[in-house]
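# Give me a model of this one.
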Amino acid sequence: MSRTAPDPSLVRGATVLITGAGHGMGALYARRAAREGAASLALWDRDTVAIEQLAAELSAQGVDARAYPVDISQQQQIASAAADTRADLGTPTLLVNNAGIVRGAMFWEHDPERDIEQTVRINSLGPMWLTREFLPDMMADASRPRRILNVASAAGTMPNPRMSVYAASKWALYGWSESLRLELERSGHRHLAVTTFCPSYISTGMFDGARGPLLTPVMTPERAVEKAWMAMLRGTPVVMTPWTVKSASMLRGVLPTRAWDLIADRIFHVYSSMDQFTGRRTPDRSDRPTEPGIGPS
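A predicted model of the protein is given here:
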């Protein structure tokens, strides 16, 4: 099968697992999968109420949608939810690692456990743990094409002030995702494609207050999901969007570091894009501006 054109038949009859499914992009992925004929949906999120409501909505459309309350920062919860998902729905055809958090602050303002460890657990380790749970079965069953979509970030391709830990977690996700893709290809498992999605800022609330750099408008979640979903169906290895993300990455690769710093700061205003960041406030911790744990939403 060609990986140059999206294959809509890949979704029909598929089992789709989405993390961070309760809100924003996660819910959009779920609705898109249902609209395109998925047979079953595993909706993972820490927000039990949100995924139960979404499961009811999609079940009314004839999809076998199940809600699995899980905190993907906890490996044991992932293992337990994976066992339940496997028993209920089988092995995912499409696995969407969408959940993520951000703490927008100088590195020295991060709490070691609450901010640093939690960010790495959710953004980096969670997708690895989850993928490891299902990967052997996804590799073994080549009866139909399978896909893994890892939602990384433009922050995983270049540094930026006030998001050092977030950037580190997304660099880790990017490196792991691309290495996994190569391992699968070189091992002959070409029915299973991995896509790494690296968008700039998206207007989901996760990055409230952040400003898009020059020529890099803040994307709508609908546009971001469209790009990521179509790339996943094509089996595209890496998507950097908008075009300025890829261009900036290429430019940084050929310029001396100080020259790039000057251009990024004075011309494109990349380094000041987080200066007014507020983020979404957590429901239970309104004193801490941050995104609420599970899923860009």
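
# show me where the protein has strands.
15-19, 40-45, 64-69, 94-97, 146-151, 192-199, 238-241 (DSSP state E).

# Pick out the shakiest of the ones you listed, pLDDT-wise.
Mean pLDDT per stretch puts strand 238-241 lowest among these, at a mean of 93.

# The nearest residue to residue 203 once chain neighbours are set aside and residue 71: what is the separation?
Here the nearest residue to residue 203 in space, its sequence neighbours aside, is residue 218; by Cβ to Cβ, 6 or more residues apart in numbering that works out to 5.1 Å. Placement of C-beta: from N, CA and C, glycine included. Residue 218 sits 28 Å away from residue 71, going by Cβ to Cβ, to the nearest Å.

# Neighbours of residue 110, how many?
Neighbouring residues of residue 110 were enumerated by other Cβ atoms under 10 Å; the total is 18.

# How much space separates the closest residue to residue 123 other than its chain neighbours from residue 63?
Distance criterion Cβ to Cβ, 6+ apart; nearest residue to residue 123, sequence neighbours excluded, is residue 169 at 3.6 Å. Separation of residue 169 from residue 63 (Cβ to Cβ): 32 Å.

# When the two are compared, which one has more neighbours?
Each of residue 169 and residue 63 has its neighbours counted (other Cβ under 10 Å); residue 169 has more, 28 against 21.

# who are the neighbours in contact with that one?
Contacts for residue 169 (Cβ atoms under 8 Å, 6 or more residues apart in numbering) come out as 119, 120, 122, 123, 124.

# Can you flag which of these belong to helices?
In helices, judged by DSSP state H, the following of these are found: 119, 120.

# closest to residue 239 among the contacts of residue 169?
Residue 239 has its nearest neighbour among those in residue 123, at 17.7 Å by Cβ to Cβ.

# give me the number of residues near residue 44?
Around residue 44 there are 32 residues (other Cβ under 10 Å).

# Pretty sure residue 84 sits against residue 68.
Yes - if you go by Cβ atoms under 8 Å, residue 84 and residue 68 touch, sitting 6.3 Å apart.

# Which one's more surrounded, these two?
Comparing residue 84 with residue 68 by other Cβ under 10 Å, the one with more neighbours is residue 68, at 22 against 14.

# Against residue 122, how distant is the more buried one?
Residue 68 sits 16 Å away from residue 122, going by Cβ to Cβ.

# got it, and residue 189?
From residue 189 to residue 122 the distance is 27 Å (Cβ to Cβ).

# Compare these two and say which is more crowded by neighbours.
Legend: neighbour count by other Cβ under 10 Å for residue 189 and residue 122, higher for residue 122 (26 against 16).
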